[in-house]
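Asker: can't give you the sequence, but here's the structure:
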């Protein structure tokens, strides 16, 4: 009963302590490292942990210790439990939940359960990321271990209070930055002239950041001219201080970056002019900030302040934001208040700087190429050619017919073979039947001649005359059969090329008198017939020359001359075309009638823009009736 009462008293005391600590943490505004150390001490106190540590998993798979709490402050070396926690940290870190690992002491027997444990509790901070808290717990039974684990997991929620406070402070700081920038912007928006606006801008910046002097300058050629100085109505460029401020501004302009003096030893920019300005009129802390528009530095703002009040990084960030917000207004007024000649000269200079400068190289190359292409299309001329398909045809064709009814015995030539007139045998007909008829006719003639002799011996003149007439008839039949036998070897009467007569697969086939066996044409008689579209016939004239190429020999160009233009159009492949006959000026041996290809007739010199747009222009004229 007494033990239960003591436990409830401890629970009540722990609850009050937790509420008080939570309230203090909600108001804490120190660094995150100090907060982690305090949080670790609080967690070890509330969770009755002997020691604790905050561990961070680095990218190199090494473990960083952010904070350590030990009840025994005299022990300076790294405790053994922490080394073991760092060893197994990579195994438990990706899990995302709290994990308990037993800690075996060297003097403990293996048969007994471990008395001490390491508890890993995952945490997360806004500015650090995912971290893990490791605690050394002394608990001999599972109930105590579970109770301590629940307390430590509950205390991890204290981190959310700090994060809430951290985010609130960050928002307040951002609002303060924006407030200062908006106050400066509001001060210059109330004015409409450049001189007064620049003066108000310098005065407002000097007031907001407690500067001794603030000046603003604008580039003019390669130099910078001071246009306004805080709390100074009138100044001259001949003043040495003005020239030194301009030198510091030109240093910022040339390097296209912020210049701070005194600066960090690791700074890589040049600050010789800023250092001279600081030493000559100070010592001062000097900051030069470029005001940009479209990526170009259009003005420079220089702030001078006591070195004891050197500008911090947060203040420089606010000044940079202020310049970005106010630069558009200042630059617009600066351009608008200049006289017309200066504005025109600035525009012309800007245009030429864009044209001949080093920026936008590819855009300039593209513009030059497009401009050159336009000039080429307008002024350059090329040969305009009318394009049309063609077919080779023969002007003279020799037909070789069948001399008599019979059968094909042999074929000697094929299509494309050259033959000599009266010499080359094209084919041969079977003469067996003719020779049999010839033998019969000879025998019949011999019989009639015997009848003539017998009739003459007997004095029968009439019978002799009749027999003689029959013998003459038999002789005529013999002559005819001899002639047919001679004609069985078929030859062409002219020399040329066989263009028709593929009969080798018809040997033994019957043929009749007059059937066409072969067609022979001389090579020199081949001509071409072009089918010119109706939209190009107007440009074709007799005597014009050109070249044609066949589909079978596309690399061979054959020159021709227009010989005749048909006045009537014909429909070929659903298009109106005019047939144009041309005379070939060359006769390659491989040309054959029936070959097809493309011909181009040279019309004359025309502008390329006219050649490439002729068809579309004609189509538009037809559609719009121009």
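Answerer: Cool, the structure landed. Keep in mind it's a predicted model, so treat the numbers as computed, not measured.
Asker: drop to CA atoms for contacts and neighbour counts, all remaining ones
Answerer: Noted.
Asker: spatially central, which residue of this structure would that be?
Answerer: In the chain, the centroid-proximal residue (CA atoms, centre = their mean) is residue 362; its distance is 14.9 Å.
Asker: can you list the buried residues in the secondary structure element (helix or strand) that it belongs to?
Answerer: Assigned by DSSP states H and E, residue 362 belongs to helix 361-379. Within helix 361-379, the residues that count as buried by 16 or more other CA atoms under 10 Å are 364, 377.
Asker: what's the very next helix or strand once past it in contact with?
Answerer: Toward the C-terminal end, the helix or strand that comes next after helix 361-379 (DSSP H and E) is strand 381-394. Outside of strand 381-394, the residues that reach it under the criterion CA atoms under 8 Å, 6 or more residues apart in numbering are 521, 525-533, 536, 539-540, 592-608, 611.
Asker: strand 381-394 - which strands sit beside it in the sheet, and in what orientation?
Answerer: Sheet partners assigned to strand 381-394 using DSSP bridges are listed as strand 526-533 (antiparallel), strand 596-607 (antiparallel).
Asker: just the buried positions in that strand, please.
Answerer: Of the residues in strand 381-394, those scored as buried under the neighbour-count criterion (16+ other CA under 10 Å) are 381, 384, 385, 386, 387, 388, 389, 390, 391, 392, 393, 394.
Asker: give the next helix or strand downstream of it.
Answerer: Using DSSP H and E, the next helix or strand after strand 381-394 towards the C-terminus is strand 398-401.
Asker: which helices and strands does that next one pack with?
Answerer: Taking 3 or more CA pairs under 8 Å, 6 or more residues apart in numbering; DSSP states H and E as the contact definition, the neighbouring helices and strands of strand 398-401 are strand 516-521.
Asker: buried stuff in the strand it packs on?
Answerer: Within strand 516-521, the residues that qualify as buried by neighbour count (16+ other CA under 10 Å) are 517, 518, 519, 520, 521.
Asker: sorry, back to before: let me see the mean pLDDT of the helix holding residue 362.
Answerer: Looking at helix 361-379 alone, the average pLDDT works out to 85.
Asker: helices or strands up against it?
Answerer: Packed against helix 361-379 by the contact rule (3+ CA pairs under 8 Å, 6+ apart) you find strand 596-607, helix 608-624.
Asker: please identify which of the ones you listed is closest to residue 255.
Answerer: Residue 255 lies closest to helix 608-624 among these, at 48.9 Å (CA to CA).
Asker: circling back: run the chain-centre distance for the helix holding residue 362.
Answerer: Taking CA atoms, centre = their mean, to the nearest Å, the mean C-alpha location of helix 361-379 is offset from the chain mean by 22 Å.
Asker: partners of residue 565 in the sheet?
Answerer: residue 580.
Asker: can you pull the pLDDT of it?
Answerer: Checking the pLDDT column for residue 565, the value is 91.
Asker: list the contacts for it?
Answerer: Contacts of residue 565 were listed using CA under 8 Å, 6+ apart, and they are 541, 542, 578, 579, 580, 581.
Asker: which of those residues sits closest to residue 406?
Answerer: Here the nearest of the contacts of residue 565 to residue 406, counting by CA to CA, is residue 581; it sits at 41.1 Å.
Asker: got a list of what that closest one touches?
Answerer: When the contact criterion is CA under 8 Å, 6+ apart, the partners of residue 581 are 527, 528, 529, 530, 562, 563, 564, 565, 566.
Asker: surely the fifth one is in contact with residue 532?
Answerer: Read it as residue 562. No - with contacts counted by CA atoms under 8 Å, residue 562 stays clear of residue 532, the gap being 11.9 Å.
Asker: so what's residue 394 closest to, chain neighbours aside?
Answerer: Counting by CA to CA, 6 or more residues apart in numbering, residue 394 lies nearest to residue 526, which is 4.4 Å off, once chain neighbours are set aside.
Asker: ignore the last one, residue 493
Answerer: Leaving aside its chain neighbours, residue 493 sits nearest to residue 421 (4.7 Å; criterion: CA to CA, 6+ apart).
Asker: and residue 422, that's in a helix?
Answerer: No - the assignment for residue 422 (DSSP: H, G, I helix; E, B strand; the rest coil) gives coil, which keeps it out of a helix.
Asker: could you check how far it is from residue 501?
Answerer: Taken as CA to CA, to the nearest Å, the spacing of residue 422 relative to residue 501 amounts to 17 Å.
Asker: ok, those two, which is more surrounded?
Answerer: Set residue 422 next to residue 501 and count neighbours by other CA atoms under 10 Å: residue 501 wins out with 19 against 12.
Asker: not counting sequence-adjacent ones, nearest residue to that one?
Answerer: Using CA to CA, 6+ apart and skipping the chain neighbours, the partner closest in space to residue 501 is residue 518 (4.4 Å).
Asker: residue 522 too?
Answerer: Looking at residue 522 with CA to CA, 6+ apart, the closest residue is residue 496, at 3.9 Å.
Asker: cool, and residue 276?
Answerer: For residue 276, the spatially nearest residue (CA to CA, 6+ apart) is residue 244, at 7.8 Å.
Asker: that neighbour and residue 307, how far apart?
Answerer: According to CA to CA, residue 244 and residue 307 sit 18 Å apart.
Asker: the two: which has the busier surroundings?
Answerer: Under the neighbour definition other CA under 10 Å, residue 244 and residue 307 were set side by side, and residue 244 has more, 18 against 15.
Asker: is it true that that one lies in a helix?
Answerer: Yes - with three-state DSSP as the criterion, residue 244 is located in a helix.
Asker: for it, which residues are in contact?
Answerer: Going by CA under 8 Å, 6+ apart, residue 244 touches 273, 276, 277.
Asker: touching whatever helix or strand the first one lives in from outside, list them.
Answerer: With elements delineated by DSSP H and E, residue 273 resides in helix 272-280, which encompasses its position. Taking contacts as CA under 8 Å, 6+ apart, the residues outside helix 272-280 that touch it are 241, 244-245, 247-248, 251, 259-262, 284-286.
Asker: now those residues in a markdown table, with pLDDT, distance to residue 149 and secondary structure?
Answerer: What follows is the contacts of helix 272-280, written out as a markdown table (pLDDT from 0 to 100; distance: CA to CA, whole Å; DSSP: H, G, I helix; E, B strand; the rest coil):
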| residue | pLDDT | distance to residue 149 | secondary structure |
| --- | --- | --- | --- |
| 241 | 90 | 70 | helix |
| 244 | 91 | 68 | helix |
| 245 | 91 | 65 | helix |
| 247 | 92 | 66 | helix |
| 248 | 92 | 63 | helix |
| 251 | 92 | 62 | helix |
| 259 | 91 | 54 | strand |
| 260 | 91 | 53 | strand |
| 261 | 90 | 54 | strand |
| 262 | 87 | 53 | coil |
| 284 | 89 | 58 | coil |
| 285 | 90 | 55 | strand |
| 286 | 92 | 56 | strand |
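Asker: rewinding a little: quick one: which of the buried residues of strand 381-394 is nearest to residue 426?
Answerer: Proximity of the buried residues of strand 381-394 to residue 426 (CA to CA) peaks at residue 394, which lies at 20.0 Å.
Asker: tell me how far the closest one lies from residue 527.
Answerer: Remark: distance between residue 394 and residue 527 (CA to CA) = 6 Å.
Asker: can you give the domain ranges for this structure?
Answerer: If you go by automatic domain parsing, the domain ranges for the chain are 14-156, 184-342, 398-518, 522-624.
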